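> Okay, structure incoming, though there's no sequence with it:
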């Protein structure tokens, strides 16, 4: 959403069929937009999101995602770690799809055992 050059370069270097936007990410962005007052910035962000949403396929919430969410959250709690539910939900999507999660929050998401994590902003 920030238009980061590194993120854009990474995104365009992958085939469209290899990139997914998990529904919890869509919800978080919608929430962020809804919190903003009417402004030129909000309009720019909403337009950018609409463009991104039109280009990237969704990773839907399936029973496999729910299973990965439950086991991941329980494992993190047993080990004394807490992650926001939406972060666990996005990680669960990646785990269920055997995919790599792209995030700027690598420190926390690395706590999810077998999750592959990349930061495209570096």
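Sure thing, it's come through. All figures in this text were calculated on a predicted structure; none of them were measured in a lab. Numbers count the residues shown, from 1 in each chain.

> Please enumerate the strands of the protein.
20-22, 57-59, 100-102, 116-118 (DSSP state E).

> chain center to the second one, what's the gap?
Just to be clear, that refers to strand 57-59. 11 Å (Cα atoms, centre = their mean, to the nearest Å).

> returning to what we had before: could you dump the strands of the chain to TSV with mean pLDDT and mean neighbour count?
Placement of C-beta: from N, CA and C, glycine included. Putting the strands of the chain into TSV (pLDDT from 0 to 100; neighbours: other Cβ atoms under 10 Å) gives the following:
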stretch	mean pLDDT	mean neighbour count
strand 20-22	93	19
strand 57-59	94	15
strand 100-102	93	18
strand 116-118	92	15
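
> With respect to residue 79, which of the ones you listed lies nearest?
Minimum separation from residue 79 across the strands of the chain (Cβ to Cβ) falls at strand 116-118, 16.8 Å.

> So which bits of the lowest-mean-pLDDT helix or strand in the chain are buried?
Within the chain, no helix or strand scores below helix 5-13, which has a mean of 79 by mean pLDDT, DSSP states H and E. Using 16 or more other Cβ atoms under 10 Å as the burial criterion, the residues of helix 5-13 that qualify are 7, 10, 11.

> Contacts for it next, please.
For helix 5-13, contacts defined as Cβ atoms under 8 Å, 6 or more residues apart in numbering pick out 19, 102, 120, 121, 122.

> ok, back up a step: nearest approach to residue 74 belongs to which of the strands of the chain?
Short answer: strand 100-102, nearest of those by Cβ to Cβ, at 18.7 Å.
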